[in-house]
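In: what's the 3D shape of this:
(one chain, ligands or ions: 3)
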Amino acid sequence: MTGKSHYHIVTFGCQMNESDSERMHGIMEQLGYTAAGSIEDSDVILINTCSVRETAENKVYGLLGRLKKLKEKKPGLVIGVGGCMTQVESTAAHIKKRYPYVNLVFGTGIMHQLPDLLEQAAGNKKTMIICRPPEGVYEGLPVKREDDLKAWVPVMYGCDNFCTYCIVPHVRGRERSRLPEDIFKEVEDLTLAGCREVTLLGQNVNSYGKDFGNGYGFGDLLASLNNVQGLLRIRFMTSHPKDFSLGLIDTIEKNPKVCEHFHIPLQSGSDKILKAMNRGYNRDYYLELISGIRNRIPGAAITTDIMVGFPGEKEADFAATMDMIERVGYDAAYTFIYNKRAGTPAENMADQVPEDEKTRRIGSLIKRQNQISIEKNVEEAGRIHQILVEGPSRADVNMLSGRTRTNKLVIFPGRALKKGDLIDVKIIGGSLTHLKGEESGGNKCPCVGPIAEVQHVHT
Ligand code: SAH
Ligand code: SF4
Ligand code: F3S
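Out: Ligands and ions are numbered 1, 2, ... in the order given. This is a model prediction of the structure:
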C-alpha cells in the first residue's frame, strides 16, 4: 500500500480499454483506495491510453500537460500511464522525457502487477517504465463494473490480422483466447449478481478459439453461454467479415439469447483499397455475407466502421465506399479519417491523400450515412420491439430508456417498470440517435423529429 486513499482512472479508446479499466478499478478498490470525486481530489491518477489514432494520443498528452500544475500543488500525487500507447517504446520514452512527473508507465500486459508497481513507483523520483510484449490472458483479477445490468466480457485478446493501417496488433500482441470455462464462470457469476446482458469482446471475436487447436470456436462459446440461467441477452464485437462464417449464422439462429445486431467493419468499398489494407475480403464477399445474415436473421441491425483517405484512395474508390453504404443500408457507422501510425506498412505507402480531400470525403460520407440511419429509424415506426429497461432517460427523467435486441436506444413512458425489466414497446418514431416508443396507454415520447445535424465524427 502507498498509504494514499483516493484514485481516479481516465480511459481513452475502445471497449477493450474500458474493460481493462474496470479491472484497474477493481484492483484499486481491493488495495483499499476509494474513487475520488474529481481528478483534483485524487492521490493516484491512472490514465488508460489508446494509440489507434493521433487524436487519441494528443488527448493523453493534453491531459498530462494539465496534470503538471496539480503535481506541483500535490507532490505526493502518483500518476500512472497504462494502455496501448505505452506499448510503443518510443512513446513510452517520450512520456518519460516530456512529462518527467509521471511516476509509472505500465504496459497492457502487466496489469496484474499494478499493486506492486504503484508501490515502487510512488517512492521513485524518476519515471518507471515497465512494459513487455503482451501475452497470456488475465484470470482472477478483481473487477469493478460501472453497470450491474450490462457487462463487457473479454473473450480474447490481441489481433493477428495486421491490417496495414492498424497499430492494434503491435500494441496488443497476438490473438489469445480465454478458456471457455473461465468465460462461462464469469458470465454465470455476473448473472447471479443481477447482470442480464453481456457483450463479448475481442478485436476479432470470430477467430475465438483458433489458438486452442481443438476445433472449439466462437459458435460453441455462444451456444454454451446461451445456457446461462438468468442471462437474457448476448452481444459481441467486433466481427471481422473474413471470419464470419455461415456456420456462425446457424448458431445465432438457434440460440435465442444472441441478439440480432452485428458490427461488421467494412473499412472501404473499393477492392483495390481493401487489398492494400490487407483486409482479406472483397466487396462481393462482404455483400454475400450481409445478404446471408439478412436472409436468415430478419430484422438484424448492421453497423460498421468505415475509413476514408487510405493511401491511394482515388475518387472512384471513395465512390465505391459510398456505393456500399447504399447497398448495405447500415443502421449506423463509425467513420474515421485515415491517419499514419508509426511502424505500420501504410505509413510509408505512396499516394497519401491530402488532408482537405480526406475532410471533404468524410463530410460527404457522414452526411449520407446520417440520412440512411434516420431513414432506418423512421422505418421502425409501427413495429413492436422487446426492450431491456435501463432506467430513467437522461434527457427526461419522466421517461424510461432501454435498448432493443438490435441495440437501438428507445425512449418511452413506463409506469411501474424498473431497470432490468423486459417489455414490448411499440415504436412511434425515430431520429438519428434514438427511437421513440409508446406504451399501450398511448403516452408519447416528447422528443421531436429527426435530429439531422448530429454527426458522429471520429478523426
Ligand atoms: N478490431 C476491429 C477494429 C479496432 S480499431 C476491427 O477490425 O474491426 C477500430 C477502428 O479504428 C477500425 O475499424 C478502423 O476503422 C479505425 N482505425 C484503425 N486504425 C486507423 C488509422 N490508422 N487511421 C484511422 N482509423 C483507424
Ligand atoms: Fe486492427 Fe485489423 Fe486487427 Fe481490427 S482486425 S484490430 S483493424 S489489425
Ligand atoms: Fe483499443 Fe485503442 Fe488499444 S482502439 S485496443 S485502446 S489502440
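In: what's the closest non-adjacent residue to the residue in the stretch 251-400 of the chain positioned nearest to ligand 3?
Out: Going by CB to the nearest ligand atom, ligand 3 is nearest to residue 341 of the stretch 251-400 of the chain, at 9.2 Å. Just so you know, the C-beta spots here come from the backbone N, C-alpha and C atoms, and that holds for glycine as well. Leaving aside its sequence neighbours, residue 341 sits nearest to residue 167 (CB to CB, 6 or more residues apart in numbering; 4.3 Å).
In: before we move on, what about residue 350?
Out: With sequence-adjacent residues excluded and distances taken as CB to CB, 6+ apart, residue 350 is closest to residue 311, at 6.7 Å.
In: separation between the one you found and residue 348?
Out: Going from residue 311 to residue 348 by CB to CB, to the nearest Å gives 9 Å.
In: Please apply the same query to residue 413.
Out: Counting by CB to CB, the gap between residue 413 and residue 348 amounts to 57 Å.
In: Show me which of residue 311 and residue 348 is the more surrounded one.
Out: Set side by side, residue 311 and residue 348 show more neighbours around residue 311, with 20 against 9, by other CB atoms under 10 Å.
In: That one: what's it in contact with?
Out: For residue 311, the contacting residues are 276, 338, 346, 349-353, by CB atoms under 8 Å, 6 or more residues apart in numbering.
In: what secondary structure does residue 189 sit in?
Out: Secondary structure state of residue 189, per DSSP: H, G, I helix; E, B strand; the rest coil, is helix.
In: For the stretch 1-150 of the chain, what lies in contact range of ligand 2?
Out: Of all the residues in the stretch 1-150 of the chain, not one is in contact range of ligand 2 (CB under 6 Å from any ligand atom).
In: where does the helix or strand where residue 94 lies sit relative to the chain's centre, distance-wise?
Out: Using DSSP states H and E, residue 94 sits in helix 89-98. Using CA atoms, centre = their mean, to the nearest Å, the mean C-alpha position of helix 89-98 is found 26 Å from that of the whole chain.
In: what does the average pLDDT come to for it?
Out: If you average the pLDDT over helix 89-98, you get 95.
In: can you start the count at 18 instead of 1 from here on
Out: Yep, numbering from 18; the last one is helix 106-115 now.
In: Give me the residues contacting the next helix-or-strand element following that helix.
Out: Heading C-terminal from helix 106-115, the first helix or strand you meet, by DSSP H and E, is strand 121-123. Residues outside strand 121-123 that contact it (CB under 8 Å, 6+ apart) are 95-99, 103, 109, 112-113, 130-131, 134-135, 138, 144-148.
In: Now do strand 121-123, average pLDDT.
Out: Strand 121-123 comes out at a mean pLDDT of 95.
In: That one pairs with which strands, parallel or anti?
Out: Strand pairing for strand 121-123, using DSSP bridges, gives strand 95-100 (parallel), strand 145-147 (parallel).
In: Tell me which of the ones you listed sits most buried.
Out: Compared across those, strand 95-100 shows the largest average neighbour count, a mean of 26 (mean count of other CB atoms under 10 Å).
In: so it versus helix 106-115, what angle?
Out: Following axes from the mean of the first three to the mean of the last three CA atoms, to 10 degrees, one obtains 160 degrees for the angle between strand 95-100 and helix 106-115.
In: for strand 95-100, what is the average pLDDT?
Out: On average, the pLDDT along strand 95-100 is 96.
In: Kindly format the C-alpha coordinates of that strand as PDB.
Out: Below are the C-alpha coordinates for strand 95-100, written out as PDB (Å, rounded to 0.1, in the frame of the first residue of the first chain):
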ATOM      1  CA  VAL A  95       1.100   9.300  -8.100                       C
ATOM      2  CA  ILE A  96       0.500   9.400 -11.900                       C
ATOM      3  CA  GLY A  97       0.400   6.200 -13.800                       C
ATOM      4  CA  VAL A  98       0.100   5.900 -17.600                       C
ATOM      5  CA  GLY A  99      -1.100   2.500 -19.000                       C
ATOM      6  CA  GLY A 100      -2.700   1.100 -22.100                       C
END
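In: picking that back up, residue contacts, the residue of the stretch 268-417 of the chain closest to ligand 3?
Out: Shown in contact with residue 358 (CB under 8 Å, 6+ apart): 68-70, 182-184, 364.
In: what bits of this protein have low per-residue confidence?
Out: 18-21, 457-476 (pLDDT under 70).
In: Can you show me the helices along it?
Out: In order along the chain, the chain carries the following helices (DSSP state H): 32-47, 71-90, 106-115, 131-139, 185-189, 197-209, 235-242, 263-271, 288-293, 300-313, 332-345, 372-396.
In: How about stretch 119-127 and ligand 3, any contact?
Out: No. Stretch 119-127 is not in contact with ligand 3 by CB under 6 Å from any ligand atom; minimum separation 7.6 Å.
In: how about the residues of the stretch 168-317 of the chain near ligand 3?
Out: 184-185, 188-189.
In: Among these, which ones lie close to ligand 1?
Out: Okay, of these touching ligand 1 (CB under 6 Å from any ligand atom), that's residue 185.
In: ok, and the most crowded of the residues of the stretch 168-317 of the chain next to ligand 3?
Out: residue 188 (28 neighbours).
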